[in-house]
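Asks: requesting a structural model of the entry that follows:
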Amino acid sequence: MPTDCSKNYKGYDTKLRRLVAVKVLPSRFHTDRELVDRFQREALSVAAIDHPNIIPIYAVGTAGDVQYFVMRLIAG
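Replies: Sure, this is the predicted structure:
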């Protein structure tokens, strides 16, 4: 995936009351099946790893044409 496709944002999980990082594949890429598949594979690959040096994924989803996953926010 080209490095400028996805964007990372700082967010707030209102249900769990914590800051999170949200990685988003913007809607302009929703018709690019290869990019959507790569984004989803990235989320699945990272979620399958349990290691202290890998940021855990809390949620994966779609909002309209936007793909996203929510991760622990790491300061720095």
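Asks: where in the chain is pLDDT low?
Replies: Residue ranges of the chain with pLDDT under 70: 1-4.
Asks: so where do the helices sit in it?
Replies: For the chain, helices defined by DSSP state H occupy the ranges 33-47.
Asks: just give me the residue right at the centre of the protein.
Replies: Residue closest to the mean C-alpha point of the chain, counted by Cα atoms, centre = their mean, is F69 at 2.7 Å.
Asks: test my guess that that residue contacts A43.
Replies: Yes. If you go by Cβ atoms under 8 Å, F69 and A43 touch, sitting 4.5 Å apart. Every residue, glycine included, has its C-beta placed from N, CA and C.
Asks: hey, what's in contact with both of the two?
Replies: I57, V60 (Cβ atoms under 8 Å, 6 or more residues apart in numbering).
Asks: quick revisit: how much space between the residue nearest to the centre of the chain and I57?
Replies: Using Cβ to Cβ, to the nearest Å, F69 is found at 5 Å from I57.
Asks: now the strands for the protein?
Replies: Along the chain, the stretches classed as strands by DSSP state E are 7-13, 18-25, 57-63, 66-72.
Asks: so which of those is the most surrounded?
Replies: strand 66-72 (a mean of 19; mean count of other Cβ atoms under 10 Å).
Asks: anything in contact with each of F69 and I57?
Replies: A43.
Asks: could you check how many residues crowd around L44?
Replies: Residues within reach of L44, counting by other Cβ atoms under 10 Å, total 12.
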